[in-house]
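**Student:** Structure for this input, please:
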Amino acid sequence: MAMLFRNSTQRTQWMMDKEQLTCRRSDANQKSVKAIRMNSTSDVDETQLVTLEEESALQLFYQGKCQELCRKLGLPRKVQATSIAYIKRMYLKYSVMDHSPRLIMLTSLYLAGKTEESYISAERIAEVMGEPTLEKAILKFETQIIQDLDFQLIVFNPYRSLEGFCIFLRDWLEETSYDSEKIDQLSGRMKTEAYQLADRLLLSDAVFLYPPSQCALAMMRLALQREGLDAAGFVERTCKQAGGSAVDIDAHLNHMQNLLLDAKVPSEDRLKKIDLKLKRCRNPLFDKTSEVYKKIKQEEEMRKAERKRKKHLERTNNNNAGNPVGQQVAGSTEGKRRRSSMD
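**Tutor:** The predicted model follows:
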């Protein structure tokens, strides 16, 4: 991408600390809970509502499913990174009780394919999912996601930086006593391991907390550590070339390695329990089958029709006021009609 990360909306709008993340997710959850309680005909027990922890598990599950689907469709890693970023951003504004995580996942994948110039049709996604009717739902929901993301669709991922670190790694290994065959083997293994770790890191909150280059460096360091290589030396050399110090980011790299422990996709058995709970506590403001939703949409259509009527009336009045000839013709026509009726 020609744009630099430091100038991107990702840095200015979608980077935040852990406290801000928790606050936004909690607000989205509580807003949905409030709507459910206000529009329920009976008392809603706390145990019936989806908790923040359950929301996190459900979102993580569908982010993992998104990665599986990307692999199945043969899409590049940048598409999975962008689609997962969209999913995560959407759930800073909404709760899973508002919009289906499955539909958000599929629509985010479709939109990410277009953003990353690796187009995959909604029809193809629906076909792979075995549900032809999903095509229409995906296309319809796409506009909503674009608007809710404030049209900020460009996503910087760690893979571009990781590719650069892999090149630097080979140069670094060539300064050791290893022969060329050993260097080929090591660099190949480290690249595979680092990319797989980066895949896992996408499921964590690291994408909100740290820039993509640091995410990439953290995963390369971990790959080197697992191989028993001088990871600290590699990081120090890398930072020195960039004009920085490893000491400055060491705590960040450690934290990202710990975040991998939180990025474990929950089992399907656990998901089924949460999903069953979700079906019973949908936010009526977004549930198309609810009477509340139907009433809201009906009122919106009435307001839209009224605006259209007023706009048409205003245009007609303006045309008549600014066109005296038109008024004369209209008057003449009306006079002819009257004389004709009298005859």
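**Student:** Buried residues in the helix or strand hosting residue 58, which are they?
**Tutor:** Taking DSSP states H and E as the criterion, residue 58 maps to helix 52-72. Within helix 52-72, the residues that count as buried by 16 or more other Cβ atoms under 10 Å are 54-67, 69-70. For glycine as for every other residue, the C-beta is placed from the backbone atoms N, C-alpha and C.
**Student:** Kindly report the same for stretch 258-274.
**Tutor:** By neighbour count on 16+ other Cβ under 10 Å, the buried set for stretch 258-274 is 259, 260, 263, 265, 266, 271, 274.
**Student:** List the ones among those residues that fall in helices.
**Tutor:** 259, 260, 271, 274 (DSSP state H).
**Student:** In three-state terms, how would the nearest residue to the first one once chain neighbours are set aside be classified?
**Tutor:** For residue 259, the nearest residue in space outside its immediate sequence neighbours is residue 204; the separation is 4.0 Å by Cβ to Cβ, 6 or more residues apart in numbering. The assignment at residue 204 comes out as coil when based on DSSP: H, G, I helix; E, B strand; the rest coil.
**Student:** give me every residue that touches residue 204.
**Tutor:** 256, 259, 260, 262, 263 (Cβ atoms under 8 Å, 6 or more residues apart in numbering).
**Student:** try it again with 7 Å
**Tutor:** 259, 260, 262, 263 (Cβ atoms under 7 Å, 6 or more residues apart in numbering).
**Student:** Would you confirm that the second one contacts residue 201?
**Tutor:** So that's residue 260. Yes: taking Cβ atoms under 7 Å as the definition, residue 260 is a contact partner of residue 201 at 6.2 Å.
**Student:** ok so, going back, just curious, which of the buried residues of stretch 258-274 is nearest to residue 148?
**Tutor:** Each of the buried residues of stretch 258-274 was scored against residue 148 by Cβ to Cβ, and residue 274 proved nearest at 22.9 Å.
**Student:** show me where pLDDT drops low in the protein?
**Tutor:** By pLDDT under 70, the low-scoring segments of the chain are 1-3, 41-42, 287-294, 296-297, 322-343.
**Student:** Please enumerate the strands of this structure.
**Tutor:** Applying DSSP state E to the chain gives no strands.
**Student:** which residue is nearest the centroid of it?
**Tutor:** The centre of the chain sits closest to residue 86, judged by Cα atoms, centre = their mean, with a distance of 0.9 Å.
**Student:** Quick check: that one vs residue 164, distance?
**Tutor:** Look at residue 86 and residue 164: by Cβ to Cβ, to the nearest Å, they are 25 Å apart.
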